[in-house]
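S.K.: The following comprises the amino acid sequence and a computationally predicted model.
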Amino acid sequence: MRNRHRFGRGKNSDCYRYAAAGLCAVTLATTAVNANAAALATPDERTQEAMVEAINDEYRARAFYAAVIEKFGNVRPFSNIVQAEDRHVQLWNNLFSKYGVPIPEDSFAGKVEAPDTLLAACQMGVEAEIANVKMYENFLGFIKEPDLRAAFTQLRHVSQNNHLRAFERCTGNPSGMGQPGGRGRGMGR
């Protein structure tokens, strides 16, 4: 019964919270099969390396966005995207657990520095999201497991269509950016 509530409809469900990141379907598929994890074959070495690279990328991004927020305050898009990174890490934790693969430690928390300016941080965000899209496309060339393919496909979509666009807006009008608690899209309107 509890799982039906967690993954059902309504504001208290995980699906409601994950919907913004488009990860609900992947989370449902992962959770539904977790009980049968012992029966699953461990992914091949290359796939496991891709999983490790992906979660480390999420750790690194989360640490960078946290450093930017610590330096510049609760500024957009960093304040929004850092929350998405938390959801992405949770998605990977679920997939690692499902396949019985050890979850790598977060070695980036508190060890990444923010650049001198918010504009430089936004530019670094653009570069990181472009690199993410390429990384996911590379992984999709050899990943065979349907749920892992779904995760990489969804994360590629989020990087390309949500995060990249937010950081591009951030670089386009840095003088209007960074209003703590702002309600817009970081455009200073």
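M.R.: Yep, it's here.
S.K.: where exactly do the helices run in this structure?
M.R.: Using DSSP state H, the helices found in the chain span residues 2-6, 14-18, 24-34, 45-72, 78-99, 118-140, 146-158, 164-172.
S.K.: nearest to Ala109, of these?
M.R.: helix 45-72 (5.3 Å; Cβ to Cβ). Yep, even glycine has a C-beta here, placed from its N, CA and C like the rest.
S.K.: what's the closest one packed up against?
M.R.: Counting by 3 or more Cβ pairs under 8 Å, 6 or more residues apart in numbering; DSSP states H and E, the packing neighbours recorded for helix 45-72 are helix 78-99, helix 118-140, helix 146-158.
S.K.: Correct me if wrong: Gln123 contacts Thr171.
M.R.: Yes. In this structure Gln123 lies within contact range of Thr171 using Cβ atoms under 8 Å: 5.5 Å.
S.K.: could the helices of the chain go into a markdown table alongside mean neighbour count?
M.R.: Shown next, in a markdown table, are these (neighbours: other Cβ atoms under 10 Å):
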| stretch | mean neighbour count |
| --- | --- |
| helix 2-6 | 10 |
| helix 14-18 | 17 |
| helix 24-34 | 17 |
| helix 45-72 | 19 |
| helix 78-99 | 20 |
| helix 118-140 | 18 |
| helix 146-158 | 19 |
| helix 164-172 | 19 |
